[in-house]
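*Asks:* Predicted structure and sequence below. I'll ask about it afterward.
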Amino acid sequence: MYKRCWRKRCWLNSLLLIGGLLLVSTSWASHFRVVATTSTLGMLVEEIGGDLVQVRVLAAPDRDAHHLDARPSFMAAVRRADLLIEMGAGLEEGWLPAVTANAANPRVNYGRPGHLRASDFTGLRPSITVEGPNSGHVHEEGNPHFNIDPYRMARIAQVIGRRLGFFFPDQADELEARAEALGQQLREHAQALAEQVKPDQQFIVYHEDLDYLEAWLPVKSVGYLEPIPGLPPTSAHLRQLVRHFEGQQGRVLYASYQPSRGARFLEQHLGWAGFALPLDPPLGSGLQGYLDLMTQWAEAFEYQ
């Protein structure tokens, strides 16, 4: 009697386990799985794809997308992905190739419909090029930090809308319409902010990431805390900046995850205001998160 009951319970437990797995599989299968390398790209996909997509972002907004490890969790996400979207132009070159190679998912190989490289679809600002040893980060294709430019991101939104439409032909018109509406909101907000910022202000940045502010605001990037892209500021280089800009007005900008020591040195010796700024919106904040981030970038400068 006990043995028969034990067997019955095992049979019921097996059915429950199989049923649970089927429910999980059905949940996964009911969504189109998109892996985005940054939260800005993830925001665009979520806003455009809506309930059709399930999005996983690899780089946390408070981390430098240059310097990530090829984590097993990244590989697992890419292994199950239907679409992989990266910024490109070398931003993720230190870790994404290892992730995709170990994920062994041919659907998201470069050149396939399941891989979208955003930098292939927009012009880029020239990147600082340095030859010889100790050259730091050198991006031959151009500056990959174009997530700072809402006009370029509006173009990428259209590209994402078309790519999702390829996978969802019945909803293609709606997806492209969503992408266009999103892009219009980005452009309108950028124009409104640009009209408020006092023109001709100059700023020094830590890395070449925030350079893209001058693509849509009436401001000018004039120098870098890094002596060479990717190498930390040196005392000699900081003193050189002080000598060059002494008596002038400006701002010092750097990413929230970058060291503040060099910026504080310029604040002290030049009297320039310094600002630590996020480069990507918080996860799950949607379009409003990016619009708020644009406002935060603009507010680093003096308004008219």
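*Replies:* Right, received. Where do you want to start? The model shown is predicted, which means the values in this text are computed figures rather than measured ones.

*Asks:* in the stretch 151-300 of the chain, which spans are helices?
*Replies:* 172-196, 235-245, 261-270, 286-298 (DSSP state H, counting those that start in this stretch).

*Asks:* Of all those, which one is nearest residue 277?
*Replies:* helix 286-298 (6.1 Å; Cβ to Cβ). For every residue, glycine as well, the C-beta is placed using N, CA and C.

*Asks:* Can you tell me what sits against that closest one?
*Replies:* Residues outside helix 286-298 that contact it (Cβ atoms under 8 Å, 6 or more residues apart in numbering) are 40, 43, 46-47, 148, 150, 153, 182, 185-186, 189-190, 193-194, 196-197, 210, 213, 217, 277-278, 280-282, 285.

*Asks:* element containing residue 85?
*Replies:* Assigned by DSSP states H and E, residue 85 falls within strand 83-86.

*Asks:* any weak-confidence spans in this protein?
*Replies:* Applying pLDDT under 70 to the chain flags the ranges 1-30, 129-139.

*Asks:* three-state assignment of the residue nearest to residue 59 when sequence neighbours are not counted?
*Replies:* Using Cβ to Cβ, 6 or more residues apart in numbering and skipping the chain neighbours, the partner closest in space to residue 59 is residue 65 (4.4 Å). Of the three states, residue 65 takes coil under DSSP: H, G, I helix; E, B strand; the rest coil.

*Asks:* give the contact list for residue 65.
*Replies:* 37, 38, 59, 87, 91, 92.

*Asks:* For this structure, just list every one of the strands.
*Replies:* All strands of the chain, identified by DSSP state E, fall at 32-36, 53-57, 83-86, 115-117, 201-205, 219-224, 251-255, 273-277.

*Asks:* Next, format the ones you listed as TSV and append distance to residue 77 and mean neighbour count.
*Replies:* Below are the strands of the chain laid out as TSV (distance: least, Cβ to Cβ, whole Å; neighbours: other Cβ atoms under 10 Å):
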stretch	distance to residue 77	mean neighbour count
strand 32-36	5	24
strand 53-57	5	20
strand 83-86	9	27
strand 115-117	14	20
strand 201-205	31	21
strand 219-224	34	18
strand 251-255	25	23
strand 273-277	28	17
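
*Asks:* looking at those, which is closest to residue 97?
*Replies:* strand 83-86 (10.3 Å).

*Asks:* Which other helices and strands does the closest one contact?
*Replies:* Packing partners of strand 83-86 (3 or more Cβ pairs under 8 Å, 6 or more residues apart in numbering; DSSP states H and E): strand 32-36, helix 39-49, strand 115-117, helix 150-167.

*Asks:* strands paired with it, and their directions?
*Replies:* Partners of strand 83-86 in the sheet, by DSSP bridges, are strand 32-36 (parallel), strand 115-117 (parallel).

*Asks:* circling back: just send the strands of the chain back as JSON lines, with distance to residue 144 too.
*Replies:* Below are the strands of the chain laid out as JSON lines (distance: least, Cβ to Cβ, whole Å):
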{"stretch": "strand 32-36", "distance to residue 144": "15"}
{"stretch": "strand 53-57", "distance to residue 144": "17"}
{"stretch": "strand 83-86", "distance to residue 144": "10"}
{"stretch": "strand 115-117", "distance to residue 144": "11"}
{"stretch": "strand 201-205", "distance to residue 144": "15"}
{"stretch": "strand 219-224", "distance to residue 144": "16"}
{"stretch": "strand 251-255", "distance to residue 144": "14"}
{"stretch": "strand 273-277", "distance to residue 144": "17"}
